[in-house]
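Chemist: need a 3D model of the following:
(chains A and B)
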2 protein chains.
Amino acid sequence: MSLTIASAPGKVILFGEHAVVSGVPALGAAIDLRVRARIEDAPGKLEISIPDMRLVIEGFSLDLITEKVLTEDISKKAILAARYVYAVLKRFDASNLRVVVESEIPPSSGLGSSASVVVATLAALNHHQELGLSLEDLAWESHQVEKEVQSGLGSPMDTALATFGGYQLIQAGPQQSLDLPELDLVVGWTGVPHDTKFEVEKVQNFRTKYPHIVGPIFESIGEISREALNLMKDGQLEELGQLMNANHGLLEAIGVGTKELSDLAYAARGAGEALGAKLTGAGGGGCIIAIPPTDPQGLVKTMTAISQAGGKPFHVATGCEGARLE
Amino acid sequence: MSLTIASAPGKVILFGEHAVVSGVPALGAAIDLRVRARIEDAPGKLEISIPDMRLVIEGFSLDLITEKVLTEDISKKAILAARYVYAVLKRFDASNLRVVVESEIPPSSGLGSSASVVVATLAALNHHQELGLSLEDLAWESHQVEKEVQSGLGSPMDTALATFGGYQLIQAGPQQSLDLPELDLVVGWTGVPHDTKFEVEKVQNFRTKYPHIVGPIFESIGEISREALNLMKDGQLEELGQLMNANHGLLEAIGVGTKELSDLAYAARGAGEALGAKLTGAGGGGCIIAIPPTDPQGLVKTMTAISQAGGKPFHVATGCEGARLE
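Modeler: Residues are numbered from 1 along each chain as shown, chains lettered A, B, ... in the order given. Take a look at the predicted model:
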């Protein structure tokens, strides 16, 4: 019986979220929290298993998933993951398969879990069904699936990072891969799910109302992204941390901060002795990222402080490998 | 026996602190927390009384004050107030007087207490000794005293607001009085003293290091000040609150936010239902200001939330009367 396992990494936005819509650069990084998709032959059926749900689907109907889900009281995050897996399978007319997806990435946290689910599933399917997709195809097809499920939304950065790994810079056009050193970060999850669409629309409305106020804020964020690239190349972590703090304030200024995000950022910088901290992604919930101090106990200090402030800390390395067969 | 009582108001910066050094507008307002100075004849001596200290000075020697103070374990805030009173008396060769100063303004809170002490003392002295100072003279002389005691620092906005009351706009030159409607605000004091000089230097260092990042932030703050003037004229409190939140984020971005200030701002906006909140003044400690909701219980809600978050709330009205005889 044929079996394929593939995995894809999650991501963080290091600098530039929201402002990127105005054409200034944003920098994203793959992180070593991964989604694994296992595909095996299952003659006569199509089965999707997510940690706390198991769907057996006869034929192709997204409505059918919805129906089952609404009547079985299964967690929303599992439903959403199943939708992404299902959308991949449907796009390539796949059947007679069992797909099992496991994720290390907290869902709806801004760490790109949906893109990773899609890319890992498609990477496994690509090998299992010999679809012949290149990495570029994999990124593009995955982005189409994300857009389809999210009704037109979906960041091409997320699927690119899940596919290619490493670092991606977006600026007024297609993203490009960058060669930068690995960075040790602590991610602090607030536990508050975020709604990317809501936050993006809120910022755009604020920008439309006050272009002369928001324009310079986006400009400043873009300058931070540019400066940060050089600091990362040179390993100047203290300066990088200072710019993280600045970028966090600018994100608060455009209205995507929350008390929970602020609490974790101040805890990381204070008791956690982090060199800097900022919210990452769309805001309104989700996660912060912090650069822990470089002393031997640094990582533990930052993680403990985040934990004591009510967050869930993860240690991640940035710039890690993209989609791969396991 | 001749007796004169004069008073002068404290102040808040509504918008534009720090950025004003780059030539963008800042808006300050006198508030109805006042300092009262009582001057009476006291033949043969010079006596200064501050709430928790009483100095009897023979001759004029600032060193003498310092000596007494350091050996008597008197609070630093009282010492500082006495220094300001003493500097006023010395500047005008005043003697054979008893000066009693009482303040409703928390010291080192960014609410301009030192300027108010100076202006109230000089306003009383002006009448008591028939010095013949105009209001313009009073503001100018008071600013000189502030600069002298603070070794060259001291904001002309603070002494202008304590003297003229109302609202003052500063932009690339001398400040000007503005006619704007009264605003009900809640001030939330963190209880953490702040060090204006330290914060100003920190921001200037950050600006020198990253002019392309800080320049647009100052530009955005200036646009907020301009927009806020129109909103205040029209009484559009919700929009004004939104811009307060934005200005607060920009102040965080330049590094003058603290956990305590952030806690009070989020408490005011959250449980306190404030329409907006920001730190006021140099930051690094001191106070926030918040616009309470307009419903009958609005003021109580915002004050309670600030109190529960560990701050000390004051209800103030802005734009009130300047220095006056009582």
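
Chemist: what distance separates the start and the end of stretch A:246-265?
Modeler: Stretch A:246-265 has an end-to-end distance of 12 Å (C-alpha to C-alpha, to the nearest Å).

Chemist: what's the average pLDDT for that stretch?
Modeler: Mean pLDDT, computed over stretch A:246-265, is 98.

Chemist: show me where the stretch 51-200 of chain A has strands.
Modeler: A:53-57, A:97-103, A:167-170, A:176-178, A:184-189 (DSSP state E, counting those that start in this stretch).

Chemist: tell me the pLDDT at A:S155?
Modeler: Listed pLDDT for A:S155 reads 76.

Chemist: burial check on it, number of neighbours?
Modeler: Neighbourhood size, A:S155 [other C-beta atoms under 10 Å in any protein chain shown]: 27. For glycine as for every other residue, the C-beta is placed from the backbone atoms N, C-alpha and C.

Chemist: OK, contacts around it?
Modeler: By C-beta atoms under 8 Å, 6 or more residues apart in numbering or on different chains, the residues touching A:S155 are A:115, A:146.

Chemist: circling back to that earlier point, turn the strands of the stretch 51-200 of chain A into a markdown table, including mean pLDDT, mean neighbour count and distance to B:G110.
Modeler: Output for these, formatted as a markdown table (pLDDT from 0 to 100; neighbours: other C-beta atoms under 10 Å in any protein chain shown; distance: least, C-beta to C-beta, whole Å):
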| stretch | mean pLDDT | mean neighbour count | distance to B:G110 |
| --- | --- | --- | --- |
| strand A:53-57 | 60 | 17 | 54 |
| strand A:97-103 | 91 | 21 | 48 |
| strand A:167-170 | 92 | 23 | 40 |
| strand A:176-178 | 86 | 14 | 43 |
| strand A:184-189 | 96 | 25 | 30 |
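
Chemist: ok, which of those strands comes nearest chain B?
Modeler: Ranking those by proximity to chain B (C-beta to the nearest C-beta) places strand A:184-189 first, at 14.8 Å.

Chemist: neighbouring contacts of the closest one?
Modeler: A:12, A:31, A:106, A:109, A:111, A:264, A:267-268, A:272, A:274, A:277, A:280, A:286-292, A:299, A:302-303, A:306, A:309, A:311-318.

Chemist: just the CA trace of it, in PDB.
Modeler: Written as PDB, here are the backbone C-alpha positions of strand A:184-189 (Å, rounded to 0.1, in the frame of the first residue of the first chain):
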ATOM      1  CA  ASP A 184      16.100  32.400  17.600                       C
ATOM      2  CA  LEU A 185      12.700  33.800  18.500                       C
ATOM      3  CA  VAL A 186      10.100  33.300  21.200                       C
ATOM      4  CA  VAL A 187       6.600  33.300  19.900                       C
ATOM      5  CA  GLY A 188       3.900  34.200  22.500                       C
ATOM      6  CA  TRP A 189       0.400  33.100  21.600                       C
END
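
Chemist: adjacent strands (with direction) for it?
Modeler: The strands beside strand A:184-189 in its sheet (DSSP bridges) come out as strand A:287-291 (antiparallel), strand A:312-317 (antiparallel).

Chemist: with mean pLDDT added, can I get these in TSV?
Modeler: As requested, those are arranged in TSV below (pLDDT from 0 to 100):
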stretch	mean pLDDT
strand A:287-291	98
strand A:312-317	96
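
Chemist: out of the ones you listed, which comes closest to B:A139?
Modeler: strand A:287-291 (45.7 Å; C-beta to C-beta).

Chemist: can you list contacts of the closest one?
Modeler: With contacts defined as C-beta under 8 Å, 6+ apart, strand A:287-291 is touched by A:12, A:14, A:106, A:109-111, A:183-190, A:237, A:240-241, A:244, A:248, A:261, A:264-265, A:268-269, A:272, A:274-281, A:302, A:306, A:311.
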